[in-house]
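K.L.:
Below are the sequence and a predicted model for it; my questions follow.
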Amino acid sequence: MNLESLGWNSSYQSHFEPFAKDGYAVGRIALEHKHIYTIYTESGDVLGEVSGKMRHQAVGRADFPAVGDWVVVSVREEEKRATIHAVLPRQSKFSRKAAGGATEEQIVATNVNTIFLVMALNQDFNLRRMERYLVLAWESGATPVVILSKADLCDNVAAKVAEVEGVAYGVPIHVTSSLQNEGLGELSRYLSQGQTVALLGSSGVGKSTLINRLYGNDIQHVSAIREVDGRGRHTTTHRELILLPEGGLLIDTPGMRELHMWDAEEGLNDSFQDIDALAADCYYRDCQHRNEPGCMVIQSLNDGTLDSERYNSYKKLQKEIAYMERKDNKQLQLAEKEKWKKIHLSQRNRP
């Protein structure tokens, strides 16, 4: 398998050089199942596990490989198995807070060039959810692209597109219908040789169907949506890197019912440029946008040029990110203590 077709470039090569001198190989994580990984390598697909040393030194989930990662491996070709020794530095990373009460990062996809944010034009249509996706997409380092799917189920497509344009500043928007095979040809520009695209969206928006159309064959299982609420089941149950026959790579992801913020302050600023621009024109530099004189945000809310729901969404996301940062700082301190405890313990146990 050719590494360049998998997205390999000179930056990854420079990071890999020290490992290459020691005789290691490199591969890309295509699939993860409970710490067993399918890895694409030059010698074909292999199953891999992390080394004991790597597992011991890991502080949290983010230190383990994720789908899209380039990893340093020693391959046992006769067994079609490999041991993973390190993860090369990531060029992009889409993360969210892991579901549940624990404050932990869940990496959804890495080393992605473009993120397709898929939202259906039926009952799934939700601007506030799209704002969340945009914040995390901008933060990831990849380029967001909005895909409005199932156009055949919408009677007012132009109006819906205008609404999305109001929250997705400078982001390309494509309207598609997999059923009628419309708008799909425009997506090929993002899928040239070695380019990686991740598909993100809630259940039932048509990600798997879209992948089947782009691949040219039915490789992903598709479930029907419920007519009552337009929602679908989790057709995709795991993240997977798919190599397209004509070049380009797709990362399919399960539908996300929860999308909690994770370290996304820059992404928030990129997504809400309109509010930041208004705040920059406030009379007071430290304006809190409550009742200060000369507040351009309050003035825009009053005259209707700034949508109150969008502003409330901005404030909610801002508070959520600040809360996560405070909790994450505590987690980092505890993780650092645990890391040094492990180091001291291993040194003490040396003969």
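P.N.:
Alright, I've got the coordinates. Numbers count the residues shown, from 1 in each chain.
K.L.:
mind checking the SS state of the spatially most central residue of the chain?
P.N.:
The centre of the chain sits closest to residue 94, judged by CA atoms, centre = their mean, with a distance of 3.0 Å. Each residue gets one of three states, and residue 94 gets strand by DSSP: H, G, I helix; E, B strand; the rest coil.
K.L.:
From residue 139, how far out is it?
P.N.:
As defined by CB to CB, to the nearest Å, residue 94 lies at a distance of 8 Å from residue 139. Yep, even glycine has a C-beta here, placed from its N, CA and C like the rest.
K.L.:
which residues touch residue 184?
P.N.:
Taking CB atoms under 8 Å, 6 or more residues apart in numbering, we find residue 184 in contact with 176, 178, 210, 213, 214.
K.L.:
Identify the residue spatially nearest to residue 279, adjacent ones excluded.
P.N.:
Take residue 279 and drop its neighbours on the chain: the residue closest to it by CB to CB, 6 or more residues apart in numbering is residue 297, 5.8 Å away.
K.L.:
Secondary structure element holding the one you found?
P.N.:
If you go by DSSP states H and E, residue 297 is part of helix 296-303.
K.L.:
which secondary structure elements does that helix contact?
P.N.:
Counting contacts by 3 or more CB pairs under 8 Å, 6 or more residues apart in numbering; DSSP states H and E, helix 296-303 is packed against helix 273-280, helix 308-348.
K.L.:
Residues contacting the shortest one, please?
P.N.:
By CB under 8 Å, 6+ apart, the surrounding residues in contact with helix 273-280 are 169, 170, 269, 287, 289, 296, 297, 300, 306, 310, 311, 314.
K.L.:
roughly how far out does it sit from the chain middle?
P.N.:
Distance of helix 273-280 from its chain centroid, counting by CA atoms, centre = their mean, to the nearest Å, is 26 Å.
K.L.:
Could you number the chain from 365 rather than 1 from now on?
P.N.:
Sounds good: first residue 365 from here, last item helix 637-644.
K.L.:
Would you mark the buried spots in it?
P.N.:
Residues of helix 637-644 classed as buried: 638, 639, 642, 643 (neighbour count, 16 or more other CB atoms under 10 Å).
K.L.:
and the two most separated of the residues you listed?
P.N.:
Spanning the widest gap among these are 638 and 643, at 9.9 Å by CB to CB.
K.L.:
re earlier: the residue nearest to the centre of the chain - nearest residue in space that isn't next to it in sequence?
P.N.:
residue 504 (4.1 Å).
K.L.:
Just the local confidence number for the one you found, please.
P.N.:
Residue 504 carries a pLDDT score of 90 in this model.
K.L.:
May I have the residues that are in contact with it?
P.N.:
Applying CB under 8 Å, 6+ apart, we find residue 504 in contact with 456, 457, 458, 459, 476, 479, 631.
K.L.:
Return the set of residues that bridge with the third one.
P.N.:
Taking DSSP bridges as the rule, residue 458 bridges to residue 473.
K.L.:
which residues touch it?
P.N.:
Residue 458 neighbours (CB under 8 Å, 6+ apart): 471, 472, 473, 474, 476, 479, 500, 501, 504, 506, 562, 564.
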